[in-house]
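**Q** Next come a sequence and a model predicted from it.
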Amino acid sequence: MLGSFVGVLFDGFAYGMLLFLLSVGLSVTLGMMNFVNLAHCSFAMLGGYVTVTLMDRLGWPFFATLPVAFLAAAAASAALERALFRPLYRASDLDQCLLTIGIVFVSVAGAAYVYGTVQQPVQLPDYLRGAVTFGSLRFPVYRLFLIGAALVVTVVLVAALEHTRFGARVRAAVDNQRMARGLGIDVDGVFAVTFALGSGLAGLGGALAIEIVGLDPSFAFTYLIYVIIVVSVGGLASIGGSFVAATLLGISDMAGKYYVPQLGAFLIYLVMVGLLMWRPTGLFGRR
Amino acid sequence: MTTSGAGAAPVLSTRGLEKSFGSLVVAREISVAVPPGVRYALIGPNGAGKTTLVNLVTGMLRPDAGRIFLGEDDITSLPPSERVKRGLVRTFQINTLFPHLTALEAVTLAVCERRGHASTWWRGLPAYRDAVDEAYGILASLALGADCYQLTRALGYGQQRLLEIALALATRPKVLLLDEPAAGVPRGESPALFAAIAALSNDITVLFIEHDMDVVFRFASRIIVMVGGRVLVEGTPPEIAADARVREVYLGCTRHA
Amino acid sequence: MATVSLEALRGPHGYLRAQTRWRRTEIAFWLATLLPFLLFPSYLQLASQIAITALFAVSLDLILGYAGIVSLGHAAFFGLGAYAAGLISKFGWGEPLSGLVLASTLAGVAGYGASVVVVRFRHLALIMITLGMGLLLHEAANSASWLTGGADGLQGVRIRPLLELFSFDLWGRAAYAYALLMLFLTFLVARRVINSPFGLSLRGIRENAVRMPALGAPSRAHVRKVYTIAAVMAGMAGALLAQTTSTVSLEVLSFQRSADVLVILILGGAGRLYGGILGAILYMVARDQFSGINPQYWYFWIGLLLIAVVLFLPNGILGGLGRAAAWWRRVSP
């Protein structure tokens, strides 16, 4: 009983770290531009498919694929930002939402066309398989690695945001866009870079997610819901908030699946609706 | 100091209004009493809290402390739409109109809302002849009669400012708060706009925010001067013109600007 | 300039009457909806599906096109209507008209309940709450398989012939007549709604929601009302689908259906009443023509179409046609 409880807690925490990687970029870019980007998880999915392709077809080692997954997602998002998103920054929520749903549809269909609808396997290196045991408790190595990676990313992000010039510009742009522009900060440029970095992190998350949740074309939509919950609970442009929210969501989702599996995804949607109702203007409606 | 010299019972009054955003205090101890029928000007340098006062009075902001009265009634906790129904109406500094409605439609909308027709969905709009006549009458009185079939966004800027006032009039206000009614209008055109305001019925008490001192001294019968979220002084135009503190505030401002 | 003086000549009453008058093209359009009976007798099943989808799109137009309330979960009411109509018949009440009324009423009650929640939201949060409520209902129907049949769909839907005379057969004559009549009646109601003082206030909410309270308008009450009306119509569309096809599957509640109707409306042109109908015709005919391709790839084109419409055709096809017509009037003397 205690063992399963600790197991759920541990798995949930690892899952939460995955959700954190997937959502932190959206949290920051939403806070900055209020741009409704429902295609965020398409970039995550792209990262996942890059890793699968490099490993399966080109025989790259797992670790070597991760930076490429990051870069591919970042580059793709930068191109889309330039071509499609930028003209719509001042458009209505509906237009932003429709455009990005369009991108989700295209990316899902594209992935299905290239890879089919089957789950993509990923062959982990030996040293990431197996588990560490403490008495009766088992801790899978891959999840430990995932937690470690997410913690490193968190520390780097917080440090970069607090202590670099670029981070200061990001904070200024989030805090008050008009004033930041007045101070001569190139908000559009800062946003473009942040957007690419955030999508890159999502791409990394997508690559790391394969072992935990699998990868098929529906990824871009399924995980969008989770990412949105994290952002709405954690608050806009708050790395700490996203971290806490993702942890809570990961653990509660894992507990729900373990203890009341018959409810399926119902529980998580209930959490989403409940949280939104609890804070209607919520963390979204800051402006 | 801030109570009105006029004898009639005030139509709008505030007692000790306070508001701050974090450490920034935007309204302190504001107590004003506006007698009926006057044309009041609210002046002061940028950031003096003029628009904040209008926002507090109309319910767009909630005061941290203090009360607001419309006539005898305490309206401090009423929602904005309820205050409008009781006759406390405002216009906005920036045009906040309905870009894709024609001017006639916009004013008819406001008239129908006031008359309680707006929840009727089973009768066509043309059936409400009285409401349409009233809307057209308001527009015509503001010289918008000929252009009222155009989409709002196709109207000239000065016409849009007039439409703001037309919308407010359609609600039959007792007290009309005009937040810089001539903002953005070419200097030469603003007297015409204020002439339209001055020509409003004396049943309507008007309080307007304005920066152009020529206009203020021509059209206001009383003036309130605000500085730093406080009411500095209140009085007739000659009293204000002679007030040393007011001169200091305004000269001080020009020196900093 | 010429048009302005014409309007000034008519006066405010003439102007407003002209806005709400039936145009010749409208009458021609509705007469043309009868043509499939003569010209495409083998496509009446498809025609009835189009009429149902058009009705669904018109209901979304009332809240999105007129009141400006974005919804990513409108299928919730469609699906409720479909399941209600299916269940009513399953439990022995197969008469279609009363089943339709019951099912739409139920959807309307649910719509009112949802509207109480929805009015508290704006912007992104509004998109999320409608999406969330739609997904929640879909999952609920999936979990409650004892009632809904879950992923296998509802079994045992039996609908009596319409007026005990016309049965819903494979040819779809009764189905199209029934769906078309309901579309037309609902359209008349929707048309009246948007031409009423209430409809004017809805457009005010769409144009400037913040300004409305400053005019003394009870915006939230307006939104609750139009949401309820739209939910009744969406429920009716769902019930029609269940009754004319005798099947109800989980798909009626899916996000895909909410997204489809949004695409249809945006493609045709929101806030124009006929936009949803035109969009439904184009979308359904195209899907029928390309029914050979995998649905996965169908959505590739839909996605591209969405992107293109948002970027290049902001008011849909009808808006584009209107602009083209205005341009033509300008260049041709």
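**A** Structure received. Residues are numbered from 1 along each chain as shown, chains lettered A, B, ... in the order given.

**Q** in what helix or strand does the residue nearest to residue C:307 when sequence neighbours are not counted lie?
**A** Distance criterion CB to CB, 6 or more residues apart in numbering or on different chains; nearest residue to residue C:307, sequence neighbours excluded, is residue A:102 at 4.1 Å. For every residue, glycine as well, the C-beta is placed using N, CA and C. If you go by DSSP states H and E, residue A:102 is part of helix A:93-115.

**Q** what sits against residue A:222?
**A** residue A:41 (CB atoms under 8 Å, 6 or more residues apart in numbering or on different chains).

**Q** Ramachandran angles for it?
**A** Phi and psi for residue A:222, reported as degrees, to the nearest 10, are phi -50, psi -50.

**Q** Please apply the same query to residue C:75.
**A** The phi/psi pair for residue C:75 (degrees, to the nearest 10) is phi -60, psi -20.

**Q** Let me know the pLDDT of it.
**A** The score at residue C:75 is 95. That number is its pLDDT.

**Q** Distance of it relative to residue A:249?
**A** Taking CB to CB, to the nearest Å as the measure, residue C:75 falls 25 Å from residue A:249.

**Q** Show me which of those two is the more surrounded one.
**A** residue C:75 (29 against 26; other CB atoms under 10 Å in any protein chain shown).

**Q** Just give the closest residue to the residue of the stretch 101-250 of chain B found nearest chain A, not the sequence neighbours.
**A** Closest contact between the stretch 101-250 of chain B and chain A, by CB to the nearest CB, is at residue B:153 (15.4 Å). Setting aside the residues directly before and after it, residue B:153 is nearest to residue B:99 in space (CB to CB, 6+ apart), at 4.0 Å.

**Q** Make sure that neighbour is actually in contact with residue C:204.
**A** No: the criterion here is CB atoms under 8 Å, and residue B:99 misses it with residue C:204 at 11.2 Å.

**Q** Tell me which of the two has more neighbours.
**A** residue C:204 (27 against 14).

**Q** Can you pull the residues of the stretch 1-150 of chain A lying near chain C?
**A** Proximity of the stretch 1-150 of chain A to chain C (CB under 8 Å from any CB of the partner chain) is limited to residues A:30, A:34, A:36, A:84, A:87-88, A:91, A:93-95, A:97-99, A:101-110, A:112-113, A:117.

**Q** Can you turn the buried part of those residues into a ChimeraX selection?
**A** Command for ChimeraX that selects the buried part of these, burial taken from 16 or more other CB atoms under 10 Å in any protein chain shown:
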select /A:30,34,36,84,88,91,93,94,95,97,98,99,101,102,103,104,105,106,107,108,109,110,112
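
**Q** Can you give me the domain boundaries for chain B?
**A** Following automatic domain parsing, chain B resolves into domains at B:1-87+B:173-257, B:94-171.

**Q** can you tell me which of these the model trusts least?
**A** domain B:1-87+B:173-257 (a mean of 84).

**Q** and that one, is it in reach of chain A?
**A** No: Domain B:1-87+B:173-257 does not reach chain A (CB under 8 Å from any CB); its nearest approach is 12.8 Å.

**Q** As a check, name the ranges of all strands in chain B.
**A** Ranges of strands within chain B are B:12-21, B:24-30, B:33-34, B:39-43, B:65-70, B:73-74, B:88-91, B:175-179, B:205-209, B:222-227, B:230-235, based on DSSP state E.

**Q** do chain A as well
**A** A:131-134, A:137-140.

**Q** Which among these is found nearest to residue B:18?
**A** Checking the strands of chain A against residue B:18 by CB to CB gives strand A:137-140 as the closest, at 56.6 Å.

**Q** Run me through the strand neighbours of the closest one, direction for each.
**A** Looking at strand A:137-140 with DSSP bridges, its partner strands are strand A:131-134 (antiparallel).

**Q** Just the CA coordinates for the strand it pairs with, please, in PDB.
**A** Extracted in PDB, the C-alpha atoms of strand A:131-134 (Å, rounded to 0.1, in the frame of the first residue of the first chain):
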ATOM      1  CA  ALA A 131      15.500   0.700 -12.000                       C
ATOM      2  CA  VAL A 132      17.200   1.700  -8.800                       C
ATOM      3  CA  THR A 133      15.700  -0.200  -5.800                       C
ATOM      4  CA  PHE A 134      15.400   0.900  -2.200                       C
END
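
**Q** As a markdown table, the domains of chain B with distance to residue A:262 would be great.
**A** A markdown table is the format used below for those (distance: least, CB to CB, whole Å):
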| stretch | distance to residue A:262 |
| --- | --- |
| domain B:1-87+B:173-257 | 44 |
| domain B:94-171 | 44 |
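
**Q** Tell me which of those sits most buried.
**A** domain B:94-171 (a mean of 20; mean count of other CB atoms under 10 Å in any protein chain shown).

**Q** And residue B:241, how far from residue B:50?
**A** 19 Å.

**Q** Kindly apply the preceding question to residue C:97 instead.
**A** Residue C:97 is 62 Å from residue B:50, by CB to CB.

**Q** near chain C, which residues of the stretch 101-250 of chain B?
**A** B:101, B:104-106, B:108-110, B:112-114, B:117-126, B:128-129, B:131-133, B:135-136, B:146-150, B:167, B:170-171.

**Q** Show me these that map onto helices.
**A** B:104-106, B:108-110, B:112-114, B:129, B:131-133, B:135-136, B:167, B:170 (DSSP state H).

**Q** excluding its backbone neighbours, what's nearest the residue nearest to the spatial centre of chain B?
**A** The centre of chain B sits closest to residue B:177, judged by CA atoms, centre = their mean, with a distance of 1.7 Å. Spatial nearest neighbour of residue B:177, chain neighbours left out: residue B:90 (4.1 Å); criterion: CB to CB, 6+ apart.

**Q** Show the pLDDT at the one you found.
**A** According to the model, residue B:90 scores 89 on pLDDT.

**Q** where's it relative to residue B:215, distance?
**A** Distance from residue B:90 to residue B:215, by CB to CB: 19 Å.

**Q** same thing with residue C:78?
**A** Separation of residue C:78 from residue B:215 (CB to CB): 57 Å.

**Q** For residue A:37, give its distance to residue A:171.
**A** Taking CB to CB, one finds residue A:37 at 20 Å from residue A:171.

**Q** for residue B:244, same thing?
**A** 45 Å.

**Q** Kindly report the same for residue C:252.
**A** 46 Å.

**Q** For those two, indicate the residue with more neighbours.
**A** residue C:252 (25 against 16).

**Q** Was I right to think the more buried one contacts residue C:82?
**A** Yes: using CB under 8 Å, residue C:252 is in contact with residue C:82, at 4.3 Å.

**Q** hey, what's in contact with both of those two?
**A** In contact with both residue C:252 and residue C:82: C:238, C:241, C:242, using CB under 8 Å, 6+ apart.

**Q** quick one, what contacts residue B:139?
**A** B:103, B:104, B:107, B:145, B:148, B:166.

**Q** for residue A:21, same thing?
**A** With CB under 8 Å, 6+ apart, residue A:21 has these contacts: A:149, A:150, A:153, A:201, A:202, A:204, A:205, A:208.

**Q** cool, residue C:257 as well?
**A** C:75, C:78, C:79, C:251.

**Q** So the second one belongs to a helix, correct?
**A** Yes: using DSSP: H, G, I helix; E, B strand; the rest coil, the assignment for residue C:78 is a helix.

**Q** Relative to chain A, how far out is it?
**A** 18 Å (CB to the nearest CB, to the nearest Å).

**Q** for residue C:95, same thing?
**A** For residue C:95 relative to chain A (CB to the nearest CB), the value is 34 Å.

**Q** pLDDT wise, what is that residue at?
**A** For residue C:95, the model assigns a pLDDT of 84.

**Q** ok so, going back, didn't the residue nearest to residue B:177 look like it was pressed against residue B:181?
**A** No: assessed by CB under 8 Å, residue B:90 is found out of contact with residue B:181, at 10.6 Å.

**Q** List the residues that contact the most far-flung residue of chain B relative to its centre.
**A** For chain B, the largest distance from the centre (CA atoms, centre = their mean) belongs to residue B:122, which lies 34.7 Å off. By CB under 8 Å, 6+ apart, the contact set of residue B:122 is C:192, C:193, C:196.
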